[in-house]
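Trainee: give me the fold of what follows.
(one chain, ligands or ions: 2)
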Amino acid sequence: MSAKVTGIRGMSDILPDETPLWQYVEGILRNVAQSYGYREFRVPVVERSELFKRSIGEVTDIVEKEMYTFEDRNGESLTLRPEGTAGIVRAAISNGLLHNQKQKLWYTGPMFRYEKPQKGRYRQFHQFDVEVFGYEGPDIDAELILMSARIWQRLGIDAVQLQLNSLGTPESRAAYRDQLVEYFSAHKASLDEENLQRLGKNPMRLLDSKLPEMQSVIAGAPQLTECLDQESSDHFAELQSLLTEAGISFVVNPRLVRGLDYYSRTVFEWVTDQLGAQGAVCAGGRYDGLVEQLGGRATPAIGWAMGLERLIELVRIAETPLPDPGPDVYLVAVGDAAGRKALLLAEELRAAAGGLSVEVNAGGGSFKSQFKRADKSGARLAVILGEEELAAGQAGLKDLRGGADQRTVAWNELTSAIAQSLQAQ
Ligand code: ATP
Ligand code: MG
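Mentor: Numbering: from 1, shown residues only. Ligands and ions are numbered 1, 2, ... in the order given. Okay, the predicted model is just below:
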């Protein structure tokens, strides 16, 4: 035997047994976003490396060490997208979607980061994101958060907590930055090599540090709230009041700064204690400066991203009942002639009003083995064709979830008999 080609560490196969749960969750996400008037946008998974460096920021974990960057055959530096916002902004600008227009958008797909793989943290993972352009908020900020809360409700998840903060304008961030440099310079002894470097380049990142020995120093650091400009402060107060009115509880976390450079004003995270160390399920914020920074006309914007692997794990833990993934009917057909007829009969059933889902037994087999497969398929009913039924223009109809005994039905009455039996279940 030849050696097996293995998959790539941190990039999971989603097995057919698991895809019903994924489809269910994705369906709800799509449905909720559309119900708020958001439209889907599909953009490439590869972009020029420069796009991510200019938007996410050079001194961030993602750009410093997590990007999958390569040269194409033309010698151009390309990167597999580590997040979605940058590509959406690039595409919205290059397709002229921001000229005198507002946009409410959603998208979903794989993201790539070269991280240390562990539970809840992968190298290929999936996000569902929403992005809004042209609204200054705070009403739209509240709407985005309400939409995420609606998703928890629809998925039966309640073990999540909303954390909020405001980063103010670039000017108030600059003032805060100076305070942080002063504070952490006085605590240099507690910083490791990496954090010392950050102190020079991007001191807000120090607040993001997960190092246990840093936590008490971080706790004593000055808070951004003290540097907030009046307008940002009013914006933040109004957002909090809208959320309170809508019955959404939250905590203001002055340490929440988010890892990416492009945020301003509102930032938020939904966190849970049910997933161990990987507690952030949904994260986002306002990025009013990014469109201009990437060559577009200044446009206020805000968005969030949900990690689907973590979300799906929460749905599993919550044991939310899922819709039945099996087909309506499994068609059992014994003998060559019955097998041929079964293919045609199944087509008729699928074409009938209501569009039944039908799995036909392929590859022959005895009644016994075919019934085993029927059970395994999760089908609700079996339609049975043997030589006798074939000769009489009939089929057997059996409830695979218990219920009534098997009965015999003429082919031309099969659709209505099936509908009746499905209703009775
Ligand atoms: P973390 O602090 O866990 O590294 P992050 O701040 O880097 O998260 P974002 O860039 O805000 O994450 O991405 C939004 C969401 O995507 C996260 O809240 C999380 O649910 C999910 N996510 C991020 N990185 C990964 C990953 N490597 N594997 C699985 N999910 C991820
Ligand atoms: Mg991260």
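Trainee: tell me the contacts of the residue of the chain found nearest ligand 1?
Mentor: For the chain, the nearest residue to ligand 1 under the criterion C-beta to the nearest ligand atom is Gly307, separated by 2.2 Å. In this view, the C-beta of every residue, glycine as well, is placed from N, C-alpha and C. Gly307 makes contact with 120, 125-127, 280-282 under the criterion C-beta atoms under 8 Å, 6 or more residues apart in numbering.
Trainee: one more time with 7 Å, if that's ok
Mentor: Contacts for Gly307 were tallied using C-beta atoms under 7 Å, 6 or more residues apart in numbering; they are 125, 127, 281.
Trainee: and which of the residues you listed is nearest Phe52?
Mentor: Distance ranking of the contacts of Gly307 against Phe52, using C-beta to C-beta, places Gln127 first at 14.8 Å.
Trainee: that closest one falls within a strand, correct?
Mentor: Yes - the secondary structure assignment for Gln127 places it in a strand, going by DSSP: H, G, I helix; E, B strand; the rest coil.
Trainee: rewinding a little: out of the contacts of Gly307, grab the one that's most surrounded.
Mentor: Neighbour counts for the contacts of Gly307, by other C-beta atoms under 10 Å, peak at Val281, which reaches 26 neighbours.
Trainee: hang on, that one in a strand?
Mentor: Yes - secondary structure of Val281 (three-state DSSP): part of a strand.
Trainee: just checking, it touches Trp270?
Mentor: Yes - using C-beta atoms under 7 Å, Val281 and Trp270 qualify as a contacting pair, with a distance of 5.1 Å.
Trainee: give me the common contacts of the two.
Mentor: Both Val281 and Trp270 are in contact with Val160, where contact means C-beta under 7 Å, 6+ apart.
Trainee: up against ligand 1, what does this protein have?
Mentor: By the criterion of C-beta under 6 Å from any ligand atom, the positions of the chain lying close to ligand 1 are 83, 113, 115, 120-122, 125, 127, 259, 278, 280-283, 305, 307, 309-310.
Trainee: what's across from the residue of the chain closest to ligand 1 in the sheet?
Mentor: Applying DSSP bridges to Gly307 yields these beta-bridge partners: Gln127.
Trainee: from Thr69, how far out is it?
Mentor: Distance of Gly307 to Thr69, computed by C-beta to C-beta, to the nearest Å: 22 Å.
Trainee: just the pLDDT at the residue of the chain closest to ligand 1, thanks.
Mentor: Gly307 is assigned a pLDDT of 98 by the prediction.
Trainee: check Ala379 too.
Mentor: 95.
Trainee: how about the contacts made by it?
Mentor: Neighbour list for Ala379: 326-330, 359, 400 [criterion: C-beta under 7 Å, 6+ apart].
Trainee: excluding chain neighbours, what is closest to it?
Mentor: Nearest residue to Ala379 in three dimensions, chain neighbours excluded: Tyr330, at 3.7 Å (C-beta to C-beta, 6 or more residues apart in numbering).
Trainee: hang on, the one you found packs against Lys372?
Mentor: No - with the criterion set as C-beta under 7 Å, Tyr330 and Lys372 do not qualify as a contacting pair; they are 10.6 Å apart.
Trainee: the two: who's more crowded?
Mentor: Using other C-beta under 10 Å as the criterion, Tyr330 and Lys372 rank with Tyr330 on top: 27 against 12.
Trainee: just to be sure, that one is in a strand?
Mentor: Yes - the assignment for Tyr330 by three-state DSSP puts it in a strand.
Trainee: got the contact list for it?
Mentor: Contacts here follow C-beta under 7 Å, 6+ apart; on that basis Tyr330 touches 359, 361, 374, 377, 379, 382.
Trainee: identify the bridge partners of it.
Mentor: Note on Tyr330: beta-bridge partners by DSSP bridges are Glu359, Ala382.
Trainee: follow-up on the earlier one: pick out the most distant pair among the contacts of Ala379.
Mentor: Most distant of those, by C-beta to C-beta, are Glu359 and Leu400, 11.9 Å apart.
Trainee: ok, and what's touching whichever helix or strand Phe236 is part of?
Mentor: Using DSSP states H and E, the secondary-structure element containing Phe236 is helix 230-245. Identification of contacts with helix 230-245 by C-beta under 7 Å, 6+ apart yields 137-139, 141-142, 145, 166, 168-169, 172, 250, 265-266.
Trainee: repeat for stretch 292-304
Mentor: Contacts of stretch 292-304 with the rest of the structure, by C-beta under 7 Å, 6+ apart, involve 54-55, 85, 89-90, 93, 98, 129-137, 140-141, 144, 148, 266, 282-288, 290-291.
Trainee: one more: stretch 92-106?
Mentor: Judged by C-beta under 7 Å, 6+ apart, the contacts made with stretch 92-106 from elsewhere in the structure are 33, 37-41, 88, 129-135, 291, 294-297, 299.
Trainee: ends of it, what's the gap?
Mentor: Between the opening and closing residues of stretch 92-106 there is a gap of 12 Å (C-alpha to C-alpha, to the nearest Å).
Trainee: heads up, I number from 258, so please use that
Mentor: In the new count, where the first residue is 258, that last one comes out as stretch 349-363.
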